[in-house]
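> Pasted the sequence and its predicted model underneath.
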Amino acid sequence: MRSVATDSPAPAHHAAAGAPGAGAARPAAPVPAGPVRGARAAWAAGFGQAVPVMLGYVPVAFAFGVLGHTAGLPWWAMVAMSAFVYGGSSQFAALQLLAVGAAPYAIVLTTFVVNLRHLLLSAAIAPRLAGWRRREQALFAYELTDEAFAVHSAQYADRAERPKAEVFTFNTAVHASWVAGTLLGVLAGDLVTNVEALGLDYALPAMFMALLAAGIVADRRGLAVAVVAGGGAVGLTLLGLQYWAVLAAAAVAATFGLAIAPREDHADPEDHAGPEDHADSAEHGAHGDREDHAHAEGATSR
């Protein structure tokens with residue numbers, strides 16, 4: 001027993017000391033903790049989702065910066081508008097009103113009307129954020145745009161639970177690209193005089209239509225709602241409704257979607273019975289058969 005106790009530690013001692021022939025012990029490579037790997041994966045996923053939107057945001061924000069520089073607005077005012085207003089259509093509308101010398105109340109009212117569509121967007125996405133803190137919901141709402149809504153809706157449709165790091169990475173990345181594009185447009189304002197000739201004003205609508213197409217092609221009801229909303233917005237615009245056209249068409253299309261939902265989604269309850277329901281019914285049937293058999297035996301004995 002003593003020899004075993006004294007001889008066994010020797011190889012471990014030589015290995016630790018790095019003796020020739022024994023092989024020096026190498027420290028194990030550090031392994032990142034689970035939460036760190038999860039956070040990095042969430043950041044990477046959020047940034048990957050943001051790249052297509054950033055490619056659409058930069059040219060449109062660039063056009064906004066060029067137009068603002070042409071109108072004589074200071075660069076810091078343009079960058080601040082992209083940072084705090086953060087709304088493409090409302091920013092372009094406000095820029096046009098500033099160029100013609102409109103009253104401040106008219107600019108504020110126009111921006112408010114143009115952004116009313118966010119009431120519908122936030123109402124649709126709000127159930128997904130029910131468990132979030134108030135400040136997290138406020139930060140999410142601050143960076144909610146049409147394109148962000150399209151991406152978040154598609155992602156939440158596939159995954160009911162998403163890491164907050166992924167969501168906020170997406171929002172921050174696309175917001176930063178909008179501000180950066182505005183700054184680039186202001187700096188290049190003397191070099192570019194006609195943004196319409198470059199087709200930059202079409203980049204944002206094209207990108208938004210591509211995002212929507214990916215989500216509605218496979219859903220017949222979603223496709224029908226999109227057709228009603230798009231056709232209604234175009235028709236109301238041609239009738240002269242202008243800024244109210246999108247909001248009114250969206251409300252009508254949403255009502256239409258609710259009206260046709262029961263016809264496609266509410267089927268026979270028997271068709272949606274899960275394995276547990278079928279097991280319960282089978283067990284109930286077997287129990288009933290046993291009771292009938294017991295009654296029959298009692299009747300025979302009597």
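Sure thing, it's come through. As the structure is a computational prediction, the values presented were derived from the model and not from experiment.

> May I have the residues that are in contact with Gly48?
Counting by C-beta atoms under 8 Å, 6 or more residues apart in numbering, Gly48 makes contact with nothing. Glycine gets a C-beta too; all of them are placed from N, C-alpha and C.

> now it: how far from Val151?
Gly48 sits 11 Å away from Val151, going by C-beta to C-beta, to the nearest Å.

> again, but for Ala206
16 Å.

> Between those two, point out the one with more neighbours.
Val151 (22 against 11; other C-beta atoms under 10 Å).

> Can you give me the pLDDT of that one?
Listed pLDDT for Val151 reads 91.

> Pro104 now?
90.

> That one: neighbour count?
9.

> got it, and Pro59?
Taking other C-beta under 10 Å as the neighbour definition, Pro59 ends up with a count of 21.

> And for the one 5 residues further on?
The tally of other residues near Phe64 (other C-beta under 10 Å) stands at 25.

> Hmm, Ser89 and it touching each other?
No - assessed by C-beta atoms under 8 Å, Phe64 is found out of contact with Ser89, at 10.6 Å.

> Regarding Ala71, what are the backbone dihedral angles?
Per-residue torsions, Ala71: phi -80, psi -10 (degrees, to the nearest 10).

> wait, it sits on Leu97?
No - counting by C-beta under 8 Å, Leu97 is not a contact partner of Ala71; they are 10.6 Å apart.

> Can you mark which positions in the helix or strand that contains Leu119 are buried?
According to DSSP states H and E, Leu119 maps onto helix 117-125. For helix 117-125, the neighbour count (16 or more other C-beta atoms under 10 Å) marks 117-118, 120-121, 125 as buried.

> Which element is encountered next along the chain beyond the host helix or strand of Phe64?
According to DSSP H and E, Phe64 maps onto helix 34-70. Using DSSP H and E, the helix or strand that follows helix 34-70 in sequence is helix 75-84.

> Output that next one in CSV, but only the C-alpha positions, please.
C-alpha atoms of helix 75-84 as CSV (Å, rounded to 0.1, in the frame of the first residue of the first chain):
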residue,chain,number,x,y,z
TRP,A,75,-25.0,69.5,-42.2
TRP,A,76,-25.6,69.1,-38.5
ALA,A,77,-29.3,69.9,-39.0
MET,A,78,-29.6,67.1,-41.6
VAL,A,79,-27.8,64.6,-39.5
ALA,A,80,-29.9,65.5,-36.4
MET,A,81,-33.1,65.1,-38.4
SER,A,82,-32.0,61.6,-39.5
ALA,A,83,-31.0,60.7,-36.0
PHE,A,84,-34.1,62.0,-34.1
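
> now the following helix or strand past that helix against helix 34-70, angle please.
Next helix or strand after helix 75-84 toward the C-terminus (DSSP H and E): helix 88-99. If you take axes from the mean of the first three to the mean of the last three C-alpha atoms, to 10 degrees, helix 88-99 sits at 30 degrees to helix 34-70.

> Check which helices and strands helix 88-99 is in contact with.
Under the contact criterion of 3 or more C-beta pairs under 8 Å, 6 or more residues apart in numbering; DSSP states H and E, helix 88-99 touches helix 34-70, helix 75-84, helix 104-114.

> Flag every buried residue along the shortest one.
Of the residues in helix 75-84, those buried by neighbour count under the rule 16+ other C-beta under 10 Å are 75, 78-79, 81-82.

> Would you mind giving those residues as JSON lines with pLDDT and distance to Val179 added?
Formatted as JSON lines, those follow (pLDDT from 0 to 100; distance: C-beta to C-beta, whole Å):
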{"residue": "Trp75", "pLDDT": "92", "distance to Val179": "12"}
{"residue": "Met78", "pLDDT": "94", "distance to Val179": "10"}
{"residue": "Val79", "pLDDT": "95", "distance to Val179": "6"}
{"residue": "Met81", "pLDDT": "94", "distance to Val179": "10"}
{"residue": "Ser82", "pLDDT": "94", "distance to Val179": "5"}
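
> Those residues into a markdown table, with extra columns for distance to Ile260?
Formatted as a markdown table, these follow (distance: C-beta to C-beta, whole Å):
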| residue | distance to Ile260 |
| --- | --- |
| Trp75 | 50 |
| Met78 | 44 |
| Val79 | 45 |
| Met81 | 40 |
| Ser82 | 39 |
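
> what's the closest of those residues to Arg40?
Ser82 (28.7 Å; C-beta to C-beta).

> Just confirm that closest one contacts Trp178, I think it does.
Yes - with contact defined as C-beta under 8 Å, Ser82 reaches Trp178; the gap is 5.4 Å.
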